[in-house]
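Undergrad: Using only what follows, build the 3D model:
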Amino acid sequence: MPISPNTVLGLLLDMNLILLDTRDFIDPERARLKGRRFKHLVTVNKVMENDQVVCGLLNGKIGTGLVKKISHDFIDMEICLDHDPSDPLALTLVLALPRPKMLKRIIESVTSLGVKNIYLINSWRVEKSFWQSPLLNHDELEKHMILGLEQAKDTVLPRIYQKRFFTRFVKEELPLIAKDSLCITAHPKASSICPAGVNKEITLVIGPEGGFIDIEIDTLEQAGFTSYHIGPRILRVETAVTYMISRLYR
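TA: Residues are numbered from 1 along each chain as shown. Here you go, the predicted model:
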């Protein structure tokens, strides 16, 4: 059914916020939406003129959009952006590059959780072909980050860094990245279980399917990272990422 006029709504599926770009604006307070967002508003939410939707400017503020005109291929909205998005999660994620299909889901998931710094790294068990995936192009990664932002009603894109040389990165860059944070490596063979409810600045390293090899764990330990397991069950990487973040920030 149509949405009641003058009601701020949460959009269905994975679009709880209409994310705007500066290019959408046809004047300082008016935006025109086409393509995917237009189709979603018309077919899923069945918006009508004078309805309101939750909007946010990419890397900017959040507010509302008042639907002023609906055409056959666009919607014009009057935009009012008046408050900041939620605070980012105090976590830096260092992730051994997973297979592309899994990476899509992980990027969407951790973006929705508020992770703003993501390092994709190599390891012995990462297949070389993964680094050739078109998904690693900035525009492709951004598509999946945007889906995560829309889901979580956030506007601030994460930063994703790609590091092809494990040892150089861990020895030379990671100690500076992780300075003054709790340094954790997820490792199924560790002797201690991962702490819960830490709720502080954390740098979390998660390996590939099958885990890091012993020499990689040793290198991470030398860089100040303590290894923890998450119980007797061996989880897929995408499940482990979400589980660990949820456990650490209860």
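
Undergrad: Excluding chain neighbours, give the residue nearest to the residue nearest the centre of the chain in space.
TA: With distances taken as Cα atoms, centre = their mean, Thr111 lies nearest the centre of the chain, 1.4 Å away. Among residues not flanking Thr111 along the chain, Gly148 sits closest, at 2.7 Å (Cβ to Cβ, 6 or more residues apart in numbering). Where you see a C-beta, it was placed from the backbone N, CA and C, and this is true even at glycine.

Undergrad: pretty sure that neighbour is in contact with Val110, am I right?
TA: Yes - counting by Cβ atoms under 8 Å, Gly148 does reach Val110; the two are 7.3 Å apart.

Undergrad: Please enumerate the helices of this structure.
TA: Along the chain, counting by DSSP state H, helices occupy 35-39, 100-113, 138-152, 166-168, 174-177, 214-222, 237-248.

Undergrad: Need the contact partners of the shortest one.
TA: Contacts of helix 166-168 from elsewhere in the structure, counted by Cβ atoms under 8 Å, 6 or more residues apart in numbering, are Ile121, Asn122, Ser123, Trp124, Glu216, Thr219.

Undergrad: can you rerun that using 10 Å?
TA: Contact with helix 166-168 is made by Ala96, Ile121, Asn122, Ser123, Trp124, Val126, Leu174, Phe212, Ile215, Glu216, Thr219, Leu220, as judged by Cβ atoms under 10 Å, 6 or more residues apart in numbering.

Undergrad: per-residue confidence for the residue nearest to the centre of the chain?
TA: Looking at Thr111, its pLDDT is 98.

Undergrad: thinking again about what came up before, would you mind giving the contacts of helix 166-168 as a markdown table with pLDDT added?
TA: Below are the contacts of helix 166-168 laid out as a markdown table (pLDDT from 0 to 100):
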| residue | pLDDT |
| --- | --- |
| Ala96 | 98 |
| Ile121 | 98 |
| Asn122 | 98 |
| Ser123 | 97 |
| Trp124 | 97 |
| Val126 | 97 |
| Leu174 | 98 |
| Phe212 | 96 |
| Ile215 | 98 |
| Glu216 | 98 |
| Thr219 | 98 |
| Leu220 | 98 |
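
Undergrad: ok, of these, which one's closest to Leu57?
TA: Ile121 (31.7 Å; Cβ to Cβ).

Undergrad: roughly how far apart are the closest residue to His83 other than its chain neighbours and Arg159?
TA: Nearest non-adjacent residue to His83, counting by Cβ to Cβ, 6+ apart: Ile62, 5.6 Å away. Note on Ile62: its distance to Arg159, by Cβ to Cβ, to the nearest Å, is 20 Å.

Undergrad: for Glu221, same thing?
TA: 26 Å.

Undergrad: Compare Ile62 and Arg159 (neighbour count), which wins?
TA: Shown here are Ile62 and Arg159; by other Cβ atoms under 10 Å, Ile62 has more neighbours (19 against 11).

Undergrad: Is that one in contact with Leu81, as I believe?
TA: Yes - between Ile62 and Leu81 there is a contact under Cβ atoms under 10 Å: 6.4 Å.

Undergrad: what is in contact with the two at once?
TA: Shared contacts of Ile62 and Leu81 (Cβ under 10 Å, 6+ apart): Cys55, Gly56, Thr155.

Undergrad: Check the burial of the last one by counting its neighbours.
TA: Spelled out, it's Thr155. Neighbours around Thr155, by other Cβ under 10 Å: 23.
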